[in-house]
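S.K.: Below: sequence and its predicted model.
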Amino acid sequence: MKTEFSLAQLADPDIAEADKILRACVHCGFCTATCPTYVLLGDELDSPRGRIYLIKDMLEHDRPATADVVTHIDRCLSCLSCMTTCPSGVNYMHLVDHARVHIERTYRRPLLDRLRREVLARIMPDPQAFRLALILAVLGRPFAPLFDLVGAKRIAAMLHLAKAMPAGFAKAGAQTFAVGRERRGRVAILSGCATQVLKPSLNAAAIRLLNRHGIEVVLPEGEVCCGAIVHHLGREHESLAFVRRNIDAWTHEIEGRGLDAILVTASGCGTMIKDYGFLLRNDSAYATNAARVAALTQDISEYLMKLGLNQPAQDSGLVVAYQAACSLQHGQKVVSEPKALLAKAGFAVRDVPEGHLCCGSAGTYNILQPEIAGELRNRKAETIRSVRPDVVAAGNIGCIAQLEPAMDIPIAHTVELLDWAYGGPVPRGLEALAPHVHEVPEGRPIILVP
Ligand code: SF4
Ligand code: SF4
C-alpha cells in the first residue's frame, strides 16, 4: 500500500512504524473472511482492510479521530484473527494499538462512554476493587432484565457476566512454592488481576502441576496487572506504568535467584507481556530489560510441553472441546500444545468448528460492545455444543467468564484439567464428572504425586 507521510511525520518512531505496517498491506482482502465483525456485520469498514484504510487516512492527515472512525475501531475485538490469515505479515495489532492511542488523544467521547471507560480502567486492573465490583454486580444480577428492558445494555451485560460470587481471593505477593526434591527449574507465574479474583484455583492448579514436575514457582513482589486492560482502551501512559512496574519486579527476580521462564495462565496477558520489548523499544532505561522479560515469557502450555509431563495419575476419556482463545492461537501462535497436553493426559480432545472466531470476550469488549459480544458468544456456544463434549477447556480466563453464563456444559482452564489428571482435586464446577475419572490401571507408571 502506498503511503504519503511527510518526512517530519516519519521522524516520529511510532508513525515510522505505522508506515512500515501500512506499506506491507497489499489490500488483498483475505483477512475479511476471518474477521468476526465483518462476518457478523458485513460492512467493509468493520473488516481489517477497512479499518486499515481508516487508520491510514487519519494518521497521514494527522487528523483528530472522527465519531465514525471511532465506531469502527471500537468494534474491533483485537482478536488478531486477521494476522493469522494475512499472507503479507501485516502487524495489525501494533497498528490498531497506535490508532487507539491517537483516538484517546484526539477524540472526546460522549460523557457516559468516558465514565464507563474510566470506571473499567480503574477497577479491572485492581484486584481488590474488581472483587468488590463483582460482589456488587452479583447482588445486582436479579435486576439485569430490568436494565435490558430500559435499553441499558452495557449495565445489563456487566450484570449478566457476574454469574457467581468470586470464588476467593488469592492476594498476589512475594511467595515461593518450593519443591521437596531435586529442582529441575524455577519460574515465576503472573498472578493476573482477573484470574486471582475470578479463579484463584487456576494458578493454584498450575503451581501444583509444576511442583509435581520438580519446578519451583515464585510469585514475585511488586508485580501488578500486565497493563492489557488499559492498553486496549488506548491509555498509553497508564499501560506503560504497569509495564515498567512488572519489568522491575521480574528483573529483580531474574537477577536475584534467577528465572527460567515467566509463565502466564491467562493468554490475553501473555500476548501483552510478550510485546513488552516492542512497547518499550524506545525507552533507553527499560528497553533491554523489557526485551529480556518478553523473551522469558511463555504460555503455561508452551512451557509444560517443552518440560515434558510424566504419565497421568488418573484417566477419564472425557470428551474435551478445546476452545482456542484468540490471544493464544492468533496473538501467540500457540495452537497444538494445549491439545497435545490434554490428549496425553487421557482426554479425548475435539476441535470446535469456526475455532478461529472470537467468543466475544476480548478484555472489556463484552462490556463496551455487548450486542456484538453477545452474538459471538451465542455462536461460539452453538459450535461448542455441536461436538457434544463433556467439558470445555480454554486457556484464557476471559473466554471462561464470557462463555460460562451461556453454557450448559462445564468449562475449565486447560491447566485445571491437567492438574486433575495428574492427581489434583476435581476442578470447581466439574464435580458431576468425577465418577468418570479413575486411577490409571496397574502397570502404568505413576511417578507424579510428590
Ligand atoms: S490480508 Fe493482509 S495484506 Fe491482505 S488486506 Fe488484509 S491486512 Fe492487507
Ligand atoms: S483484530 Fe479481529 S475484529 Fe479486529 S480487524 Fe482483526 S479480525 Fe477483525
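M.R.: Nice, thanks for sending it over. Ligands and ions are numbered 1, 2, ... in the order given.
S.K.: use CA for all of it now, contacts and neighbours both
M.R.: OK.
S.K.: check contacts around residue 24.
M.R.: Under the criterion of C-alpha atoms under 8 Å, 6 or more residues apart in numbering, the contact list for residue 24 reads 1, 88, 89, 90.
S.K.: Which secondary structure state does the last one sit in?
M.R.: Pointing back at residue 90 there. coil (DSSP: H, G, I helix; E, B strand; the rest coil).
S.K.: That one is in contact with residue 25, isn't it?
M.R.: Yes. Judged on C-alpha atoms under 8 Å, residue 90 makes contact with residue 25 at a distance of 5.9 Å.
S.K.: how about stretch 26-38, does it get close to ligand 2?
M.R.: Yes. Judged by C-alpha under 6 Å from any ligand atom, stretch 26-38 comes into contact with ligand 2 at 35, 36, 37.
S.K.: what's the answer for stretch 318-331, then?
M.R.: No. On the criterion C-alpha under 6 Å from any ligand atom, stretch 318-331 is out of touch with ligand 2, staying 8.7 Å away.
S.K.: Show residues contacting that stretch.
M.R.: 79-81, 83-84, 267-268, 270-271, 334-335, 339, 346-352, 355-358, 384, 387-396, 399, 436.
S.K.: related to what we said a few turns ago, tell me the one among the contacts of residue 24 nearest to ligand 2.
M.R.: Here the nearest of the contacts of residue 24 to ligand 2, counting by C-alpha to the nearest ligand atom, is residue 90; it sits at 10.6 Å.
S.K.: Just give the number of residues close to the closest one.
M.R.: 20 (other C-alpha atoms under 10 Å).
S.K.: Ok, residue 357 next?
M.R.: 21.
S.K.: I'd guessed it sits against residue 81; true?
M.R.: Yes. Residue 357 lies in contact with residue 81 (C-alpha under 8 Å); the separation is 7.2 Å.
S.K.: before we move on, back to that, which of the contacts of residue 24 are buried?
M.R.: Among the contacts of residue 24, those buried by neighbour count (16 or more other C-alpha atoms under 10 Å) are residue 90.
S.K.: Taking the contacts of residue 24 together, which two end up most distant?
M.R.: Using C-alpha to C-alpha, the contacts of residue 24 span at most 13.1 Å, a distance reached by 1 and 89.
S.K.: Please point out which parts of stretch 109-119 sit buried.
M.R.: So for stretch 109-119, counting by 16+ other C-alpha under 10 Å, buried means residue 117.
S.K.: nope, stretch 326-333 is what I was after
M.R.: 326, 327, 328, 329, 330, 331, 332.
S.K.: Check the contacts of residue 24 one by one and keep those near ligand 1.
M.R.: Applying C-alpha under 6 Å from any ligand atom to the contacts of residue 24, those adjacent to ligand 1 are 88, 90.
S.K.: Enumerate every residue touching the residue of the stretch 51-200 of the chain found nearest ligand 1.
M.R.: As assessed by C-alpha to the nearest ligand atom, ligand 1 sits closest to residue 86 within the stretch 51-200 of the chain, at 3.7 Å. Neighbouring residues of residue 86 by C-alpha under 8 Å, 6+ apart: 30, 31.
S.K.: That one and residue 32, how far apart?
M.R.: 10 Å (C-alpha to C-alpha, to the nearest Å).
S.K.: again, but for residue 340
M.R.: 30 Å.
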